[in-house]
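1. Give me the fold of what follows.
(one chain, ligands or ions: 1)
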Amino acid sequence: MEVIIRPTVEAATGLAAQLIAEKVRSQPSLCLGLATGRTMEIVYDKLVKLHREGLDFSRVRTYNLDEYIGLPPESPNSYRYYMNHHLFNRINVDLRNTHLPLGMAEDLQLECQLYEQSIRNSGGIDLQLLGLGCSGHIGFNEPLSALRSRTRDKSLTPITIAQNSPLFNPPESMPKRAITMGVGTILEAKQILMLVIGREKAEILAKAVEGPITSMISATALQLHSNCTVIVDEAAAAALQGCDYYNWIFNHEPKWKPYH
Ligand code: GLP
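-> Here you go, the predicted model:
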């Protein structure tokens with residue numbers, strides 16, 4: 001795992017967007033794993049800007065991590081709506097190549113199996129983008145998610161409900177269950193990029209990156225991945241023990257030179 005600390009939200013999200021853009025340029029038909037949340041909105045704005053400057057998404061295929069159960073795609077709180085609104089409708093991706101689990105599926109188990117099958121048929125995810133929930137979740141893999149879990153439906157924790165319900169009107173209307181890629185599914189991505197910003201994530205980030213691997217904090221499973229980069233702003237880095245070492249690597253590794 002590599003941890004890159006950037007001084008501001010702008011610099012951290014800018015670096016994440018730059019790395020995604022480079023991947024799209026070098027592999028125009030790549031399979032991109034996408035995430036939602038307030039953090040990603042900033043990254044998607046930057047990708048839209050890069051698209052207006054010529055970045056081509058016409059051959060890119062996408063798979064999102066998760067979707068709320070019970071929300072139709074046209075609900076403004078569904079992740080399908082979020083993705084169309086913040087990214088897909090603003091770039092030249094072919095909507096038929098964008099995938100999210102269907103939260104309205106009658107047979108949820110079948111929907112989860114089909115989603116896994118679709119990812120496999122696409123050749124697997126080349127680059128998976130991740131945020132970090134306050135419960136330590138990646139996707140909606142709440143505490144005690146098996147480290148080998150696959151796409152399935154999951155009940156959300158009170159911490160997650162507290163974090164996300166302000167986005168719903170009224171807040172109580174937030175669904176309490178979601179379909180999410182499993183930790184095992186996520187770990188199969190060839191490359192992972194996790195982006196974490198803000199002081200309120202500092203403690204959970206430190207546990208995720210520097211703590212022992214535990215299913216209580218599903219993000220700790222990323223320590224098992226051989227190609228995982230974690231980009232954070234200084235506020236989110238506040239509780240990390242190894243900042244000097246991480247900064248040293250960023251400042252001395254030749255591959256990071258172009259990003260200074
Ligand atoms: C939701 C998503 C997660 C995401 C998290 C972070 O819970 N299921 O995949 O990481 O939001 O959200 P924010 O960026 O708003 O803190």
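
2. Close to the ligand: what parts of the protein are there?
-> 35-39, 65-66, 131-133, 139-140, 160, 164 (C-beta under 6 Å from any ligand atom). All C-beta spots, glycine's among them, are computed from the backbone N, C-alpha and C.

3. Where strands are concerned, which of the residues you listed count?
-> Among these, DSSP state E puts residue 66 in strands.

4. would you list the residues of the chain next to the ligand in CSV and tack on distance to residue 101?
-> Below are the residues of the chain next to the ligand laid out as CSV (distance: C-beta to C-beta, whole Å):
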residue, distance to residue 101
35, 13
36, 12
37, 16
38, 21
39, 21
65, 9
66, 7
131, 17
132, 20
133, 17
139, 10
140, 10
160, 17
164, 17
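
5. What residues sit buried inside the lowest-mean-pLDDT helix or strand in the chain?
-> None of the helices or strands of the chain scores lower by mean pLDDT, DSSP states H and E than helix 158-164, at a mean of 94. Using 16 or more other C-beta atoms under 10 Å as the test for burial, helix 158-164 gives 159-161, 163-164.

6. how about whatever residue of the stretch 51-200 of the chain ends up closest to the ligand, what does it touch?
-> Of all residues in the stretch 51-200 of the chain, residue 131 sits closest to the ligand, at 2.6 Å by C-beta to the nearest ligand atom. Contacts here follow C-beta atoms under 8 Å, 6 or more residues apart in numbering; on that basis residue 131 touches 35-37, 39-40, 138, 194-196.

7. These into a markdown table, with extra columns for neighbour count, pLDDT and distance to residue 126?
-> Putting the contacts of residue 131 into a markdown table (neighbours: other C-beta atoms under 10 Å; pLDDT from 0 to 100; distance: C-beta to C-beta, whole Å) gives the following:
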| residue | neighbour count | pLDDT | distance to residue 126 |
| --- | --- | --- | --- |
| 35 | 22 | 98 | 15 |
| 36 | 25 | 98 | 19 |
| 37 | 19 | 96 | 21 |
| 39 | 24 | 97 | 21 |
| 40 | 22 | 98 | 18 |
| 138 | 28 | 98 | 17 |
| 194 | 26 | 99 | 16 |
| 195 | 28 | 98 | 17 |
| 196 | 24 | 98 | 21 |
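
8. quick one: which of these is nearest residue 231?
-> residue 195 (5.1 Å; C-beta to C-beta).

9. Measure how far the least confident helix or strand of the chain is from the centre of its chain, please.
-> Distance, stretch centre to chain centre, for helix 158-164: 17 Å (C-alpha atoms, centre = their mean, to the nearest Å).

10. So what touches the following helix or strand past that helix?
-> On the C-terminal side of helix 158-164, the nearest following helix or strand under DSSP states H and E is strand 177-180. Applying C-beta under 8 Å, 6+ apart, the external contacts of strand 177-180 come out as 65-70, 101-103, 105, 108, 111-112, 115, 139-141, 151-156.

11. how does it look with 10 Å?
-> By C-beta atoms under 10 Å, 6 or more residues apart in numbering, the residues outside strand 177-180 that reach it are 64-71, 79, 100-103, 105, 108-109, 111-112, 115, 137-142, 145, 149-156, 160, 164, 186, 218.

12. What residues does residue 253 make contact with?
-> Shown in contact with residue 253 (C-beta under 10 Å, 6+ apart): 2, 4.

13. Relative to residue 246, how far out is it?
-> 11 Å (C-beta to C-beta, to the nearest Å).

14. Just the strands from this structure, written as ranges.
-> For the chain, the strands defined by DSSP E cover 2-6, 31-34, 61-64, 66-68, 98-99, 127-130, 152-155, 177-180, 191-196, 228-233.

15. Format those as JSON lines; extra columns: distance to residue 52.
-> Shown next, in JSON lines, are those (distance: least, C-beta to C-beta, whole Å):
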{"stretch": "strand 2-6", "distance to residue 52": "23"}
{"stretch": "strand 31-34", "distance to residue 52": "19"}
{"stretch": "strand 61-64", "distance to residue 52": "19"}
{"stretch": "strand 66-68", "distance to residue 52": "28"}
{"stretch": "strand 98-99", "distance to residue 52": "19"}
{"stretch": "strand 127-130", "distance to residue 52": "20"}
{"stretch": "strand 152-155", "distance to residue 52": "37"}
{"stretch": "strand 177-180", "distance to residue 52": "32"}
{"stretch": "strand 191-196", "distance to residue 52": "22"}
{"stretch": "strand 228-233", "distance to residue 52": "23"}
